[in-house]
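A.B. asks: Return atomic coordinates for the entry below.
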Amino acid sequence: MSSLKKAAKSGQKTHRERGQLSSRRHLGLLEKKKDYKLRARNFHRKDDYLKALKKKALDKNPEEFYYNMVNSKLVDGVHHAKHKEEVLTDEQKKLMQSQDLRYVTYKKVLESKKIEKLKANLHLLEESEEKPKNKHTFFVDSDREAKKFNLAKRLNTHPELLSRRHNRPTIETLQKARIQGDIDEDSLEYLAKERSKRYKELSSRIDREKELKIVEQKMEVKKNLMDNRKKKEEKKETAHSAAVYKWAMQRKR
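C.D. replies: Residues are numbered from 1 along each chain as shown. This is a model prediction of the structure:
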C-alpha cells in the first residue's frame, strides 16, 4: 500500500520550471521547452527547404530554356511578367467578332438550304408491314377515259413500282440513277441503298446545322459581352447551349 501512495499523482509535488531571474528580467521571458520545440521545428523546416532548393539548382541543366526567361524581368529581386501592349482596339475586336459571326451564319444558312433540298427529294415515310388506310383517288370525265386510264403514266413512274406505297421514283429519277428497262430486285436494292445513303447525309447535315447554331449563339453572346454594360449571368455556358445573360435596362435618349 505504501508503494501505491508514493505513485499517486495527487500526493506528489507539482514540478514547475524556473522563471526569469530578476537580474535578467530586462532580457525578456525565459524560454521554456515548448518554446524551444517550436523554434527548433521552424528552423529545421526552413533548413530542409533551403537544402531542397540547392539540390534543385545543382540538378538543373544550365542550357535549358524557358519562355519565362524572356517574358519576365527582375524588379527589386522579384520576377514580374512583361505586359504585352494591346495591338487591337475594342472596335477592331468587335469588327473581327462580327465577321466571324457572319461567316458562321453563312455556313448555317447553306446547311439549311441543303437540308431542305434533301427533304424535298426524299420520301420521309418509314417502311411498315401494314398498308396505310389512305387512298389516292383520280377523277376522270367519262367511262371511256376511265377504261383507258394509265396509272403509271399519270404518276410518271415505272409500272412495276405501282404496288409500292413509298419510294416510288419517277422516270426522270430512274434515268438519273441510270436504271433503264425492266425493274428487277437488284435495281430496287440499289434504290434502297441510295435512299439510305441520302438519309445518312441528311442526318449528318442536321447535326452540323445544330452545331453551327450553337456556335453562332455563343459567338453572339461573346460579342455582346464586349459592351461595358451592367449584366448578370442567368445560365452558365454548356457544350450544348450558350450562356444566358441579363443586361440592365438602359434608357434611350
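
A.B. asks: count of neighbours near Ser72?
C.D. replies: Per other C-beta atoms under 10 Å, the neighbour tally for Ser72 reads 14. Where C-beta positions appear, they are placed from N, C-alpha and C, glycine not excepted.

A.B. asks: next one: Ala242
C.D. replies: Ala242 has 19 nearby residues by other C-beta under 10 Å.

A.B. asks: Identify each buried residue in stretch 77-84, please.
C.D. replies: Buried residues in stretch 77-84, defined by neighbour count with 16 or more other C-beta atoms under 10 Å: none.

A.B. asks: Could you export the helix or strand hosting Arg144 as CSV, CA atoms only?
C.D. replies: Per DSSP states H and E: Arg144 is located in helix 143-147. Coordinates of each C-alpha in helix 143-147 appear next as CSV, following Å, rounded to 0.1, in the frame of the first residue of the first chain:
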residue,chain,number,x,y,z
ASP,A,143,-66.2,5.9,-118.5
ARG,A,144,-64.3,5.7,-121.8
GLU,A,145,-61.4,7.7,-120.3
ALA,A,146,-61.6,5.6,-117.1
LYS,A,147,-61.0,2.4,-119.2
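
A.B. asks: show me what contacts Glu17?
C.D. replies: Leu30, Lys32, Lys33 (C-beta atoms under 8 Å, 6 or more residues apart in numbering).

A.B. asks: Swap in 7 Å and give it another go.
C.D. replies: Glu17 makes contacts with Lys32, as judged by C-beta atoms under 7 Å, 6 or more residues apart in numbering.
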